[in-house]
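Visitor: What would the 3D arrangement of this be:
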Amino acid sequence: MSSYLVVQLYCTPMEANAIRAAVASEIARFPEFAGTHIEFEQKAEADYEMHLQWAADHPGQEPSDRAYFLLRAESPAGISEPVLREAESTVTDWIDSTYNADSDKVAEVQWGSYAGTKLLN
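Guide: Residues are numbered from 1 along each chain as shown. Model prediction:
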């Protein structure tokens, strides 16, 4: 049974690349994620929720080169729910502490995440 950690981002390409590297580094600390394959791709903007939230938090600012990105870490082995949740929290805490900590509660990098044994569509 495979296990997944998926993070959807609304950010710049430079931020997305840094987050991709952090995801790889952070999940490597978990032995349960040995052999994990990480996919990274820019997605078409089909869901505008993150874009609308960013725009509401940044009135009068253009989103410039912000886009949607999808990071998917897939482990060939089943990983227990507590370990998946811990890895998910580790990654999202890193995003918040790196990009969203000094912004007066305004998130510079919008994110959503999912961890589990079934990949959601």
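Visitor: how about the helix-or-strand element of the chain with minimal mean pLDDT: buried residues?
Guide: Ranked by mean pLDDT, DSSP states H and E, the weakest helix or strand in the chain is helix 49-57, scoring a mean of 79. Neighbour-count burial for helix 49-57 flags 50-51, 54 (criterion: 16 or more other C-beta atoms under 10 Å). Where C-beta positions appear, they are placed from N, C-alpha and C, glycine not excepted.
Visitor: next one: stretch 12-24
Guide: 12, 15-16, 18-20, 22-23.
Visitor: Show me what the least confident helix or strand of the chain is packed against.
Guide: Packing partners of helix 49-57 (3 or more C-beta pairs under 8 Å, 6 or more residues apart in numbering; DSSP states H and E): strand 3-11, strand 110-116.
Visitor: coming back round to it: out of the buried residues of stretch 12-24, the closest to Val109 would be?
Guide: Closest approach between these and Val109, by C-beta to C-beta: Glu15, at 5.7 Å.
Visitor: Look up how far Trp111 lies from that closest one.
Guide: 10 Å (C-beta to C-beta, to the nearest Å).
Visitor: who touches both of those two?
Guide: Counting by C-beta atoms under 8 Å, 6 or more residues apart in numbering, the residues touching both Glu15 and Trp111 are Leu9.
Visitor: Could you tell me whether Leu71 really is in a strand?
Guide: Yes - under DSSP: H, G, I helix; E, B strand; the rest coil, Leu71 falls within a strand.
Visitor: What is the neighbour count of it?
Guide: Neighbourhood size, Leu71 [other C-beta atoms under 10 Å]: 22.
Visitor: Check the one 4 residues further on too.
Guide: By other C-beta under 10 Å, 23 other residues sit near Ser75.
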